[in-house]
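K.L.:
Kindly return the folded structure for what I paste below:
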Amino acid sequence: MDDRNALAERFEEDRSHLTAVAYRMLGSASEADDAVQESWLRAAQADISGVQNLTGWLTTVVGRVCLNMLRTRRTRREEPLDVYDRTPGHDEGDEPEQEALLADSVGLALLVVLDTLTPAERLAFVLHDMFAVPFAEIGPLIDHSTDSARQLASRARRRVKGGATTPDADLRRRRRVVEAFLSASRGGDFDALLALLHPDVVLHADRSVTPTPEPVVVRGARTVATGAMAATGRALFTGVALVDGAVALAMAPQGRLRLVLGFTIVDGLITEIDVVADPERIGGLRIDVLDD
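P.N.:
Okay, here's the model as predicted:
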């Protein structure tokens with residue numbers, strides 16, 4: 001009974017830590033909560049008499065549960081793109097906003113890159129690089145040796161840092177414009193959007209964005225800004241990323257890439273926006289994390 005009480009107390013003390021581990025593994029707040037709950041059910045039935053570091057042990061339990069969840073993701077869930085186009089305060093409460101805050105705290109582009117890793121690579125990288133779990137403890141979780149786990153983490157690290165580069169002045173300028181566009185879209189600031197758009201801006205959207213029988217072309221700053229104002233729900237799950245080497249916006253609810261906005265910027269104004277949602281086109285894009 002003493003062991004059970006000690007485990008329960010430690011689990012509650014470590015809940016935020018365990019949730020952080022699960023969120024980085026799964027990219028979804030609701031799935032992370034499910035993983036933590038499943039971990040408690042497993043931990044409560046285990047023999048912990050020989051466990052000296054309860055926090056470390058619980059971390060590996062969560063890791064194993066998340067690994068199993070990742071491995072059972074046979075296909076990506078193709079949700080309609082308007083699934084998050086909700087007005088704040090809608091019946092669903094503030095869950096989308098909470099999820100968006102979590103994504104911002106971790107880095108949406110990082111979550112997208114993590115989603116491209118194999119489950120074993122993701123676990124090795126997240127547990128070791130983000131939570132300092134030794135490779136000797138990671139290896140058994142994925143049925144690999146310590147050296148193999150180290151190699152998996154190294155491979156994942158190269159992918160995460162693949163696009164890392166020292167930003168030049170032009171890249172920084174473009175990033176400021178794109179970040180300002182995202183901020184204005186999230187905040188519903190019409191005037192701020194207009195100030196960023198060239199009067200003759202053109203927006204191209206492929207057939208998967210709406211969807212429509214044909215690609216959509218929208219012209220003019222006011223029309224484009226009006227469209228952005230209507231997509232504040234999407235903006236919540238959108239972050240700045242390096243897409244094929246250019247500063248862009250990536251929309252990725254639950255860390256799964258759904259839509260990309262590419263920008264042409266001339267003299268500090270956005271002259272063209274290319275919105276991509278077609279799964280084949282999305283699959284061919286390289287997403288990297290932008291250095292600060």
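
K.L.:
Do a quick rundown of the helices in the chain.
P.N.:
2-26, 29-44, 54-71, 95-106, 108-115, 119-125, 135-141, 146-160, 169-187, 190-196, 221-229, 232-236, 279-283 (DSSP state H).

K.L.:
Report the angle between the third one and helix 29-44.
P.N.:
Spelled out, that is helix 54-71. Here helix 54-71 runs at an angle of 130 degrees relative to helix 29-44 (axes from the mean of the first three to the mean of the last three Cα atoms, to 10 degrees).

K.L.:
elements contacting helix 54-71?
P.N.:
Where contact means 3 or more Cβ pairs under 8 Å, 6 or more residues apart in numbering; DSSP states H and E, helix 54-71 is packed against helix 2-26, helix 29-44, helix 119-125, helix 135-141. Where you see a C-beta, it was placed from the backbone N, CA and C, and this is true even at glycine.

K.L.:
quick revisit: nearest to Val202, out of the helices of the chain?
P.N.:
helix 221-229 (8.2 Å; Cβ to Cβ).

K.L.:
on that earlier part again, will you turn the helices of the chain into CSV that also has mean neighbour count, distance to Leu261 and mean pLDDT?
P.N.:
As requested, the helices of the chain are exported to CSV (neighbours: other Cβ atoms under 10 Å; distance: least, Cβ to Cβ, whole Å; pLDDT from 0 to 100):
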stretch, mean neighbour count, distance to Leu261, mean pLDDT
helix 2-26, 17, 25, 90
helix 29-44, 18, 24, 93
helix 54-71, 20, 28, 93
helix 95-106, 17, 16, 75
helix 108-115, 24, 13, 89
helix 119-125, 24, 26, 95
helix 135-141, 18, 37, 94
helix 146-160, 17, 22, 94
helix 169-187, 16, 8, 92
helix 190-196, 16, 13, 95
helix 221-229, 18, 10, 93
helix 232-236, 21, 10, 80
helix 279-283, 12, 12, 91
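
K.L.:
pretty sure Arg234 is touching Met251, no?
P.N.:
Yes. Taking Cβ atoms under 8 Å as the definition, Arg234 is a contact partner of Met251 at 5.4 Å.

K.L.:
sorry, back to before: dump the helices of the chain to CSV, plus distance to Gly262.
P.N.:
Output for the helices of the chain, formatted as CSV (distance: least, Cβ to Cβ, whole Å):
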stretch, distance to Gly262
helix 2-26, 27
helix 29-44, 28
helix 54-71, 29
helix 95-106, 20
helix 108-115, 14
helix 119-125, 27
helix 135-141, 37
helix 146-160, 22
helix 169-187, 10
helix 190-196, 15
helix 221-229, 14
helix 232-236, 15
helix 279-283, 11
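
K.L.:
For beta bridges, what are the partners of the closest residue to Gly227 other than its chain neighbours?
P.N.:
Leaving aside its sequence neighbours, Gly227 sits nearest to Val218 (Cβ to Cβ, 6 or more residues apart in numbering; 6.3 Å). Partner residues in beta bridges with Val218, using DSSP bridges, are Leu203.

K.L.:
Just give me the neighbour total for Val218.
P.N.:
15 (other Cβ atoms under 10 Å).

K.L.:
Surely it and Leu197 touch.
P.N.:
No. Applying Cβ under 8 Å as the test, Val218 and Leu197 come out as separate, 11.1 Å apart.

K.L.:
Kindly state the pLDDT recorded for Leu259?
P.N.:
On the pLDDT scale, Leu259 is placed at 93.

K.L.:
Hmm, it is touching Ile273, no?
P.N.:
No. Using Cβ under 8 Å, Leu259 makes no contact with Ile273, being 11.8 Å away.

K.L.:
what do Val218 and Leu197 both touch?
P.N.:
Val224 (Cβ atoms under 8 Å, 6 or more residues apart in numbering).

K.L.:
Now do the same for the residue lying closest to Asp206 once chain neighbours are set aside: its pLDDT.
P.N.:
Once flanking residues are discounted, Asp206 sits nearest to Asp278: 4.9 Å by Cβ to Cβ, 6+ apart. Predicted confidence (pLDDT) for Asp278: 92.

K.L.:
Sweet, I'm off.
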